[in-house]
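[1] okay, structure incoming, though there's no sequence with it:
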């Protein structure tokens, strides 16, 4: 019986030892691991008094939910002043536009009238010139005849009077033509006032664009004074209370997304050569002994953890102690039904049988 019990014990030990050896050969196990997650630090882009902080540590928040509000009175006053300037510019642009349109219509009418009168003056000159030529020719024929007595002095007087009258009529028509040309030139010159008004409108529109940009900047500033949750998550810590003065960039609170977590394991450098991306892994959580999670290797670090130490560890004395270094390995959880707080200690077993 004693021999039988010994054989049974040896068989059980052999099976257990074989299982242990197989586990050691096909799995990389590590207890230097912990849960991790994206922890967002909420900070303000602007200075101001915190007038409201409606959340506290441990609260579940939804994306877009208000986490805190800064005083916006000064910004709203500046926005009201800018909006007043915008309204004044809009009114001035409308007034100048109406003035431009009226000037354009008046100028077009004046130019059309001046051109019509110029055409009439040109026609009058065209009609007076032949009459003057005829009267000049009649007088030229009558003038030598009166000396020889071939015509009477009365006929000569009529020819002379017709010549002078037609010459005067031609000069008057030519003077009227010159006046109409000057009037057309003046009307065209006055029409250039439309271009001046258009330039004024462009200047006003440019000023309005600058004012609108300033107003949009202040509206963005007002919006930035309301701090909102960037995602669904849990408030981890708060650093400031309502009534405190906030500096730009100052931390207000921290929150994380409980549904977006992973495991960060630090694997010994003697084992890291067996770890590959995509290998399955089993995770047990110290805080929840009955919880077993499954996942896959998502990323294998490219440098050992000692390279990220804040303080370097030189060895000026020459004494050297070899320490096994560790390489970070990220494991993505396939299905996370149980919320895990970042920073919990876990144990990891990575299947490296392939």
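    Perfect, thanks for sending it. Predicted model, so just to flag it, every value in this text is computed and none were measured.
[2] before we move on, which element is the closest residue to residue 89 other than its chain neighbours in?
    Nearest non-adjacent residue to residue 89, counting by Cβ to Cβ, 6 or more residues apart in numbering: residue 208, 4.3 Å away. From N, CA and C alone the C-beta is placed, and that goes for glycine too. When elements are assigned from DSSP states H and E, residue 208 belongs to helix 193-224.
[3] state the number of residues packed around the residue nearest to residue 89.
    For residue 208, the count of nearby residues is 17 (other Cβ atoms under 10 Å).
[4] next up, the contacts around it.
    86, 89-90, 93 (Cβ atoms under 8 Å, 6 or more residues apart in numbering).
[5] with residue 352 instead?
    Counting by Cβ under 8 Å, 6+ apart, residue 352 makes contact with 26-28, 274-276, 279.
[6] of those, closest to residue 61?
    Checking the contacts of residue 352 against residue 61 by Cβ to Cβ gives residue 279 as the nearest, at 35.7 Å.
[7] ok, the closest one to residue 340 distance?
    Distance, residue 279 to residue 340, using Cβ to Cβ, to the nearest Å: 21 Å.
[8] which of the two has more residues huddled nearby?
    A count of neighbours by other Cβ under 10 Å puts residue 340 above the other of residue 279 and residue 340, at 24 against 20.
[9] low-scoring stretches of this protein, by residue?
    Along the chain, segments meeting pLDDT under 70 span 8, 10, 13-24, 143, 146-150, 305-321.
[10] how about the strands in the chain?
    27-43, 48-52, 60-61, 66-70, 226-228, 233-238, 245-246, 251-268, 280-285, 292-300, 326-333, 345-351 (DSSP state E).
[11] for those strands, give me a markdown table that also has distance to residue 176.
    Putting the strands of the chain into a markdown table (distance: least, Cβ to Cβ, whole Å) gives the following:
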| stretch | distance to residue 176 |
| --- | --- |
| strand 27-43 | 82 |
| strand 48-52 | 77 |
| strand 60-61 | 88 |
| strand 66-70 | 77 |
| strand 226-228 | 76 |
| strand 233-238 | 90 |
| strand 245-246 | 82 |
| strand 251-268 | 85 |
| strand 280-285 | 106 |
| strand 292-300 | 96 |
| strand 326-333 | 97 |
| strand 345-351 | 107 |
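[12] can I get those strands in JSON lines including mean neighbour count and distance to residue 201?
    Listed next are the strands of the chain as JSON lines, based on neighbours: other Cβ atoms under 10 Å; distance: least, Cβ to Cβ, whole Å:
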{"stretch": "strand 27-43", "mean neighbour count": "18", "distance to residue 201": "44"}
{"stretch": "strand 48-52", "mean neighbour count": "17", "distance to residue 201": "39"}
{"stretch": "strand 60-61", "mean neighbour count": "17", "distance to residue 201": "50"}
{"stretch": "strand 66-70", "mean neighbour count": "20", "distance to residue 201": "39"}
{"stretch": "strand 226-228", "mean neighbour count": "17", "distance to residue 201": "38"}
{"stretch": "strand 233-238", "mean neighbour count": "18", "distance to residue 201": "52"}
{"stretch": "strand 245-246", "mean neighbour count": "16", "distance to residue 201": "44"}
{"stretch": "strand 251-268", "mean neighbour count": "20", "distance to residue 201": "47"}
{"stretch": "strand 280-285", "mean neighbour count": "20", "distance to residue 201": "70"}
{"stretch": "strand 292-300", "mean neighbour count": "16", "distance to residue 201": "60"}
{"stretch": "strand 326-333", "mean neighbour count": "20", "distance to residue 201": "61"}
{"stretch": "strand 345-351", "mean neighbour count": "19", "distance to residue 201": "70"}
